[in-house]
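# I would like to see how this sequence folds:
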Amino acid sequence: MKKVEIFTDGACKGNPGPGGWGAVLRYGNAEKEISGGEKSTTNNRMEITAVLEALKLLKEPCEVDLYSDSQYVCNAIKLGWAKKWKSNNWMRNKNEPALNSDLWEDILSLCEKHRVNVNWVKGHAGHPENERCDRLAVAAAEKYK
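Presented below is the predicted three-dimensional model:
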């Protein structure tokens with residue numbers, strides 16, 4: 001299995017508001033930056049979308065070291081929250097629907113294909129790749145203002 005590093009971040013101007021996401025994929029010495037955004041979205045949707053779009057670029061099953069500053073994203077994957085929400089018909093509990101089920105459905109499918117190791121990094125703390133992803137996300141969000 002090829003080993004790939006993926007760094008992601010999301011940004012939103014208001015919540016909801018114009019948002020953007022950014023990701024850096026690294027395989028050996030090769031790197032690829034991707035980004036995008038939406039006119040009206042939430043920060044969490046952008047955090048998830050960054051992960052989803054990066055995973056979608058992988059052409060074959062890979063071992064992925066995923067780095068995100070989103071506790072929501074990290075815990076939903078690493079602690080199995082998203083799997084639990086899906087098994088409960090996309091409900092967090094009896095009264096609360098799980099948000100972003102459309103995105104989580106796709107993430108779960110991709111996590112079955114790849115071996116994803118989730119790593120939380122502190123945001124805005126000088127982590128070079130996280131700072132890069134933040135700049136990509138903010139720039140993408142600016143296009144939707």
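# buried residues in stretch 63-72, which are they?
For stretch 63-72, the neighbour count (16 or more other Cβ atoms under 10 Å) marks 64-70, 72 as buried. C-betas here are computed from N, CA, C, even on glycine.
# possible to save those as JSON lines with distance to Ala141?
Below are these laid out as JSON lines (distance: Cβ to Cβ, whole Å):
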{"residue": "Val64", "distance to Ala141": "25"}
{"residue": "Asp65", "distance to Ala141": "26"}
{"residue": "Leu66", "distance to Ala141": "22"}
{"residue": "Tyr67", "distance to Ala141": "20"}
{"residue": "Ser68", "distance to Ala141": "17"}
{"residue": "Asp69", "distance to Ala141": "16"}
{"residue": "Ser70", "distance to Ala141": "15"}
{"residue": "Tyr72", "distance to Ala141": "18"}
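# so which of those belong to helices?
Counting by DSSP state H, those place Tyr72 in helices.
# just checking, which of the buried residues of stretch 63-72 belong to strands?
64-68 (DSSP state E).
# quick one on the thing from earlier: turn the buried residues of stretch 63-72 into TSV, including pLDDT.
Output for these, formatted as TSV (pLDDT from 0 to 100):
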residue	pLDDT
Val64	98
Asp65	98
Leu66	98
Tyr67	98
Ser68	98
Asp69	98
Ser70	98
Tyr72	97
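# which one of the buried residues of stretch 63-72 is nearest Asp9?
Minimum distance to Asp9 across these is 6.2 Å, recorded for Asp69 (Cβ to Cβ).
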